[in-house]
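Q: The sequence and its predicted three-dimensional model are supplied below.
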Amino acid sequence: MVPRRPALSAGALDSLTDLMSLHKLIADVDNRGRAMRVAGALQDLIALPPDALTVFEEKSTRRGEPSWRIEAYFSEARDAEALGAELDLLLGEPAPAFQATDIPDLNWVALSQAALPPVRASRFTVHGSHDRARVPQGPNAILIEAGEAFGTAHHATTYGCLVALGQLGATRRFRRILDLGCGSGVLAIAAARAWPHAAVHGVDIDRQSIVVARENAAVNRVAERISFVCGDGVSAPEIRRAAPFDLIFANILAGPLVALAPDIRRVAVPGAVIVLSGLLTREAARVLAAYLAHGFALLSHRRYDGWSTLTLAKRA
């Protein structure tokens, strides 16, 4: 199960320490799946995403079912109606009504991080330092602080990738692994744990993500086994030299995934497994069609809270 209370909390939390004030928009939703779709679109699809985002199980409805509160924090004021209209178009369904509310001057970094519970995805438990004492430490415990790079496993897309990774780790062996769009480095770290003798590479176009990923790898004691580079995906010189790969993770967005299909095919060995995520379930057919056309076969399609994770294999 994707984690609850909160089910999602992400964004550039570290940057909030420098803000004089924050602006909060809230919405209540009586369906958990719908709340996750809205929160995912806020985090990954809107033009100016919130600096921090939480989804909490708030209270029971009249039917005795839980309702869900979405709280989006912005460094600049956002018009609630305009945000709702943008979400309507992105989701293809009516967005909930958002309301602006005043918030006190508090340490939002500490509060946001403390609200993140550990996430158990297959064999792995991803947690922050505030939960270190409560999580059994070992090769399946991964310490990732909420911060400036995407990937704490609280989002359904990262969660889906970790589930796929854990299941592959139980049945397959890989030698050269690529985390494409590595963000916080959590998938590369998990891969290094699952396949101790593999060469693991991570690449991201965002330089700060690489800084964070390297720090996370060091904290999790796998820094010497992962090569993180800042560059334009598989076109980065270091990635071209490291290719071909027999396992590739790409947790980005549907449009870039479609565009990357020929490039991923080029750097994948025959029989290679690729795990694709970052796409809404309604976008899965389009992404899948692109990869089927480039010689991949579908192994599994996992769906979590309106988001999809595709696992495919390159035909020989």
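A: Looks like it came in fine. Numbering: from 1, shown residues only.
Q: can we go C-alpha only for contacts and neighbour counts from here?
A: Will do.
Q: I'd like the distance from the longest helix anywhere in the chain to the chain centre, please.
A: Longest helix in the chain by number of residues (criterion: DSSP state H): helix 156-171. Centroid separation for helix 156-171 versus its chain: 12 Å, with C-alpha atoms, centre = their mean, to the nearest Å.
Q: Does anything pack onto it? Which helices or strands?
A: strand 119-121, helix 186-194, strand 245-251, strand 268-280, strand 296-304, strand 307-314 (3 or more C-alpha pairs under 8 Å, 6 or more residues apart in numbering; DSSP states H and E).
Q: As TSV, those with mean pLDDT and distance to D179 would be great.
A: Listed next are the helices and strands packed on helix 156-171 as TSV, based on pLDDT from 0 to 100; distance: least, C-alpha to C-alpha, whole Å:
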stretch	mean pLDDT	distance to D179
strand 119-121	78	18
helix 186-194	96	6
strand 245-251	97	5
strand 268-280	95	10
strand 296-304	95	18
strand 307-314	96	14
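Q: Spatially central residue for the chain, please.
A: T158 (3.6 Å; C-alpha atoms, centre = their mean).
Q: among the helices and strands of this protein, which one scores worst on average pLDDT?
A: strand 8-10 (a mean of 35; mean pLDDT, DSSP states H and E).
Q: What strands flank the helix or strand that it is followed by, and is each parallel or antiparallel?
A: Counting by DSSP states H and E, the next helix or strand C-terminal to strand 8-10 is strand 23-29. Paired strands of strand 23-29, with direction, are strand 66-74 (antiparallel), strand 99-101 (antiparallel) (DSSP bridges).
Q: can I get the CA coordinates of the longest one in CSV?
A: Output for strand 66-74, consisting of C-alpha atoms alone and laid out as CSV, is shown next (Å, rounded to 0.1, in the frame of the first residue of the first chain):
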residue,chain,number,x,y,z
PRO,A,66,-12.2,9.2,5.8
SER,A,67,-11.8,12.5,4.0
TRP,A,68,-8.5,13.9,2.8
ARG,A,69,-7.0,17.4,3.1
ILE,A,70,-4.6,18.7,0.5
GLU,A,71,-2.4,21.5,1.7
ALA,A,72,-0.2,23.3,-0.9
TYR,A,73,2.4,25.9,0.3
PHE,A,74,3.7,28.6,-2.0
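Q: how close does the residue nearest to the centre of the chain sit to D179?
A: From T158 across to D179, the span is 12 Å (C-alpha to C-alpha, to the nearest Å).
Q: what's the overlap in contacts for those two?
A: Counting by C-alpha atoms under 8 Å, 6 or more residues apart in numbering, the shared contacts of T158 and D179 are L187.
Q: Secondary structure of A218: a helix, I assume?
A: Yes. Per DSSP: H, G, I helix; E, B strand; the rest coil, A218 lies within a helix segment.
Q: Relative to I264, how far out is H301?
A: Applying C-alpha to C-alpha, the value for H301 to I264 is 19 Å.
Q: Can you get me the start-to-end distance on stretch 37-52?
A: End residues of stretch 37-52 are separated by 16 Å (C-alpha to C-alpha).
Q: more crowded one of H301 and I264?
A: Legend: neighbour count by other C-alpha atoms under 10 Å for H301 and I264, higher for I264 (23 against 17).
Q: Now that one: closest residue in space, sequence neighbours ignored.
A: By the measure of C-alpha to C-alpha, 6 or more residues apart in numbering, the closest residue to I264 outside its immediate chain neighbours is V234, 7.4 Å from it.
Q: what kind of secondary structure is the one you found in?
A: V234 - assigned by three-state DSSP - is helix.
Q: My guess is it contacts P244. True?
A: No. Contact criterion C-alpha atoms under 8 Å: V234 and P244 do not qualify, at 10.2 Å.
Q: Please enumerate the shared neighbours of the two.
A: With C-alpha under 8 Å, 6+ apart as the test, V234 and P244 both reach V267.
Q: what about stretch 171-190, start to end distance?
A: Stretch 171-190: ends 15 Å apart by C-alpha to C-alpha.
Q: Buried residues, that stretch. List them.
A: 174, 176-190 (16 or more other C-alpha atoms under 10 Å).
Q: That concludes my questions; thank you for your assistance.
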